[in-house]
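J.: got a sequence here, can you model it:
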Amino acid sequence: MFLNPSEIIKNFELRRGMTVADFGSGSGHYVLETARRIGNTGTVYAVDIQKNLLEKIKTEAGKNNLTNVEIVWADLEGPEGSRLASGAVDFLVISNILFQLRDKIGLAREASRVLKSGGRAAVIDWSESGTGGLGPAPSAVVAQKEAERIFTQEGFTEEREFPAGSNHYGLIFRKQ
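T.: Model (predicted):
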C-alpha cells in the first residue's frame, strides 16, 4: 500500500470536537479514522462525486457506530462545489485528487471558502507515478512545487511538509 491513512492522520493535529471535511473521500479511509479521533462531538464530511463510494462510507460508519460522519454528494469542480457552508470547517483533507481535476485552482478556492479563518488543509498527492501501473499517468502528476504554488496563490500559507509514503508528498497549509 502506498498510503497509510492512520499514520498520515497523526500529522494533522486533530482535536475532539473539530469539523473536518475530506474532499474526494473515495473509499473513506481518512473519514473513518478522522471520525474516531475527533469523537462524536465533532463532524466529518465525506465529500465525493461517486455515490457508490459514499454509500460504502455510510455503511462502514454505521457498522463502527461512527455517528459523526455526514455524506455529501458533490462535484468539487463547480462553484461552491462541495455544498458545504462558507467558513464551516476546521480542517480539510485533500488526498489523491489534484491529479484528477481540470480546475486545480478552483479546488484551492473552494478549500479556502469552506475553511474557517486559521483553518488548515492537508494536501496529499502523487509525487510520481506508482510502480506496476498504479497511480496517475506521469503527465497527470501535480508536482509538489505546483501544489504549493496553487494553494499559496489562493491565500494559504504553507506550514510544513510531512511524510506521506514513497510515492506521495504531504503538505499542511493554513488559511489566513
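
J.: just checking, H29 touches I8?
T.: No: applying Cβ atoms under 8 Å as the test, H29 and I8 come out as separate, 9.3 Å apart. In short, each C-beta sits where N, CA and C put it, glycine included.

J.: what about S166, neighbour count?
T.: 11 (other Cβ atoms under 10 Å).

J.: A helix includes it, no?
T.: No: using DSSP: H, G, I helix; E, B strand; the rest coil, the secondary structure at S166 is coil, not a helix.

J.: run through who's touching stretch 37-53.
T.: Stretch 37-53 has contacts (Cβ atoms under 8 Å, 6 or more residues apart in numbering) with 9, 14-28, 31, 34-35, 54, 57, 67-76, 82-84, 89.

J.: among these, name the ones in helices.
T.: Using DSSP state H, the subset of the contacts of stretch 37-53 located in helices is 31, 34-35, 54, 57.

J.: and which of the residues you listed is nearest N4?
T.: T34 (14.2 Å; Cβ to Cβ).

J.: now, of the contacts of stretch 37-53, which are buried?
T.: Listed as buried from the contacts of stretch 37-53 are 9, 14, 18-26, 28, 31, 34-35, 54, 57, 68-72, 74, 76, 82, 84, 89; burial here means 16 or more other Cβ atoms under 10 Å.

J.: and the closest residue to I9 other than its chain neighbours, what does it touch?
T.: Spatially, and ignoring its direct neighbours in sequence, I9 is nearest to E33 (5.3 Å; Cβ to Cβ, 6 or more residues apart in numbering). Residues near E33 by Cβ under 8 Å, 6+ apart: 5-6, 9.

J.: now, which of these sits nearest F99?
T.: Using Cβ to Cβ, the contacts of E33 come closest to F99 at P5, 17.9 Å.

J.: if we ignore the residues flanking it in sequence, what's nearest the closest one?
T.: Closest to P5 by Cβ to Cβ, 6+ apart is H29, at 4.0 Å.

J.: which of the contacts of E33 lies closest to I124?
T.: For those, the nearest to I124 is P5 (9.2 Å; Cβ to Cβ).

J.: pLDDT wise, what is the closest one at?
T.: For P5, the pLDDT comes out at 86.

J.: ok, now F2?
T.: 57.

J.: I150 in helix, strand or coil?
T.: Under three-state DSSP, I150 falls in the helix class.

J.: so who does it touch?
T.: Residues in contact with I150 (Cβ under 8 Å, 6+ apart) are 98, 104-105, 108, 142.

J.: please convert those to JSON lines, extending it with secondary structure, pLDDT and neighbour count.
T.: Formatted as JSON lines, the contacts of I150 follow (DSSP: H, G, I helix; E, B strand; the rest coil; pLDDT from 0 to 100; neighbours: other Cβ atoms under 10 Å):
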{"residue": "L98", "secondary structure": "helix", "pLDDT": "93", "neighbour count": "24"}
{"residue": "K104", "secondary structure": "helix", "pLDDT": "95", "neighbour count": "19"}
{"residue": "I105", "secondary structure": "helix", "pLDDT": "95", "neighbour count": "13"}
{"residue": "A108", "secondary structure": "helix", "pLDDT": "96", "neighbour count": "24"}
{"residue": "V142", "secondary structure": "coil", "pLDDT": "92", "neighbour count": "21"}
